[in-house]
Structure formats: C-alpha cells, structure tokens
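Student: here is a sequence together with a model predicted from it:
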Amino acid sequence: MPLVCADLAEYGVILLPPGSHEYRDLLSGIERSLKIHPDGRPPVEQRDFDRITEHRDNSAILVNLAPVAIASLAYIWSVRTDGRIRTHCFLPGTHASILLPFYWTDRIKKFDAFWNTIFPGSSRLLIPEAGKIYGDNTDVRAPAQDELRLGDCFVTLVPGGFDGIRESVKLSLDGVFFADGGFAGPNQLGSWEHLVAARETYLSYAVEARESDRAGFFDRMQQARGAAPLVMPSPYEGLDGSAIREYQRQQIAHSVLLMRERLGDTATLAAVAAWRETPGPEPHRL
C-alpha cells in the first residue's frame, strides 16, 4: 500500500512519498551530502546509510518551501503490524533550541541554527518508525567556520525508534514551528502548548531570580520540582493546559537545581536572571 502523506503545503512544508517523481533525486542529494564530512559537523555512521536503504519504502522527504527556516516539527504516523494499524507520534520536546535559547552561548546558538533547523529550500528524509530525520542545510550552503562543532561540546537530540521494519501507511505533520516563532498545524499532540508553557516558565523564573533573595528562590525551585517526577501528559488523553504547564514548571525547576549543583548559588541565580535578556522569538500562530 503506498504511503499516504498529509503535509502543510499551504504553509510551504511539503511531504513527498517514495512514489513521487521528485523523491529519488532528492534522496540522492541527501545521501551525497551525508557522505561529506567537514571537520566539526555532526557525525554520520555507516549504519545510518544502511537504515536509509532498509526503510526507503517507509519514508518520506520533507521539503521546506517556506521563506523561514523550520525549527521543530511534530508528526503522527500509522503502521501496519500483524494485520493491524497502529498509530504512533513524535513530539519535538522543549530542550534548549533556537526557540528556547536560555541556556546557550552565542556560539552554540550559531551551531544549532545551522545543524538543527531546516533552511528554506532544504530537504530532509523522514524515517518515522526508525525515529530518524536525515539531511542538513549543506544542500543549501556550506557551514561558516563558527557554525561547526568545537570538540564534544554539542549534543544533537534525536527521537528513539522501533526495532524492525513495519509497513508505514500514513505520515501526517501535526505541528511545525518556524525559526521566527510562527506555528502551523492541527496541533493534536500539543507541541504549541508545550513550547509556550516552557517559554513562559523560563521567563517567570527569570523574574523570580531577579526579585527574590537567594534562599527563597531555591526553596521555590525545590517546591516546583516536587518529590516525585511528573510524567509528560499523554497527547492521546487530550490536551490539558494546566497539566502541561505544571509539567514544564517541574522540568525546568529540576534543570535549575542541577545548575545549582554545578555552578553554585550565586552563578545560577545570575544565569537564570539573565534569561530575560534572551527570550527567543515570540510564538505566534500562522
């Protein structure tokens, strides 16, 4: 059964299944770019090329025809296993990124903006059941010197996948954030709510760090973190805005307390207070 793709063409984000005319040429271009290894680019291993070959019929190519780079995307896919259709999803999360640049230096932001976004005109191979997205912006231009990695100080986060090969039957884009904060998509998975809640939490903690005494601030972080970790609200149970906000408050408070262990009270308080100076792009729906 041919893979059915539901994209966001009206916003310039296209999905091409293996049967489309453009797929083969775009895939060849992605594979060629992955074989080029300038010093300082994220690593690509032989098993990645093997995976591309194995999953070719269960993949799609995303092309960004919008005028702005894509910063993150959420998607839903259905697979046939043992004669049954099962649905899975991927949420991009709210780790530090071009949209939430609160922890990062200007040097790391430059790296992130090149290697972890999708430039206008660039394409990516999506293999959802393997949890992988292949390709980078070198199909548009070469990286500048300050967009390359220094040592091992950068980490690229990728979703986990499934073992084995299943027959993908449908792939749907559920939400796309562009680098200027614009958001498009049905948003069944709540990626809009998670990012907005995270951003609001970062900024509110920054205000607390500026206005509170040291002991009071860290006491509130302890209270926000709680005694037991929260489980991320399931998108299959409906979007609960209050649960999402509470989850993000706890996760970011936990990160602040880890900073405290590494940097000490004074440096952590100053770093959190400085988050107000680097708020990132304002989220807005398109």
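Tutor: Done, it's in.
Student: residue boundaries of the strands in the protein?
Tutor: Applying DSSP state E to the chain gives strands spanning 4-6, 13-16, 60-64, 70-81, 84-90, 123-127, 132-134, 167-178, 182-184, 284-285.
Student: nearest to Ala113, of those?
Tutor: Minimum separation from Ala113 across these (C-beta to C-beta) falls at strand 70-81, 8.7 Å. Backbone N, C-alpha and C define where each C-beta goes, glycine included.
Student: where are the low-confidence patches of the stretch 1-150 of the chain?
Tutor: By pLDDT under 70, the weakly predicted segments of the stretch 1-150 of the chain are 1, 37-41, 150.
Student: go again with 90.
Tutor: Under the criterion pLDDT under 90, the flagged ranges of the stretch 1-150 of the chain are 1-4, 19, 28-59, 77-97, 103-112, 115, 127-134, 136, 138, 142-150.
Student: can you list the strands of the chain in a markdown table and add mean neighbour count and distance to Leu26?
Tutor: What follows is these, written out as a markdown table (neighbours: other C-beta atoms under 10 Å; distance: least, C-beta to C-beta, whole Å):
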| stretch | mean neighbour count | distance to Leu26 |
| --- | --- | --- |
| strand 4-6 | 16 | 14 |
| strand 13-16 | 21 | 7 |
| strand 60-64 | 24 | 5 |
| strand 70-81 | 21 | 16 |
| strand 84-90 | 14 | 21 |
| strand 123-127 | 23 | 5 |
| strand 132-134 | 20 | 11 |
| strand 167-178 | 22 | 16 |
| strand 182-184 | 20 | 22 |
| strand 284-285 | 10 | 29 |
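Student: now the ones you listed as TSV including distance to Leu269?
Tutor: Formatted as TSV, the strands of the chain follow (distance: least, C-beta to C-beta, whole Å):
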stretch	distance to Leu269
strand 4-6	46
strand 13-16	41
strand 60-64	40
strand 70-81	29
strand 84-90	35
strand 123-127	40
strand 132-134	37
strand 167-178	30
strand 182-184	32
strand 284-285	31
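Student: out of the ones you listed, which gets nearest to Leu195?
Tutor: Going by C-beta to C-beta, the one of those nearest Leu195 is strand 167-178, 6.6 Å.
Student: the closest one: partners in the sheet, and parallel or antiparallel?
Tutor: strand 4-6 (parallel), strand 70-81 (antiparallel), strand 182-184 (antiparallel) (DSSP bridges).
Student: who wins for proximity to Tyr134 among those?
Tutor: Nearest of the strands paired with strand 167-178 (C-beta to C-beta): strand 70-81, 14.0 Å.
Student: quick one: that closest one to chain centroid distance?
Tutor: Mean-position distance between strand 70-81 and its chain equals 12 Å (C-alpha atoms, centre = their mean, to the nearest Å).
Student: format the CA atom coordinates belonging to it as CSV.
Tutor: Extracted C-alpha coordinates of strand 70-81, given in CSV (Å, rounded to 0.1, in the frame of the first residue of the first chain):
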residue,chain,number,x,y,z
ILE,A,70,11.9,25.2,10.3
ALA,A,71,13.0,25.0,13.9
SER,A,72,11.0,21.9,15.0
LEU,A,73,8.2,19.6,13.9
ALA,A,74,5.8,17.1,15.3
TYR,A,75,4.3,14.3,13.4
ILE,A,76,1.9,11.3,13.6
TRP,A,77,2.3,8.1,11.6
SER,A,78,0.4,4.8,11.3
VAL,A,79,2.0,1.4,10.6
ARG,A,80,0.6,-2.0,9.7
THR,A,81,1.8,-4.8,12.0
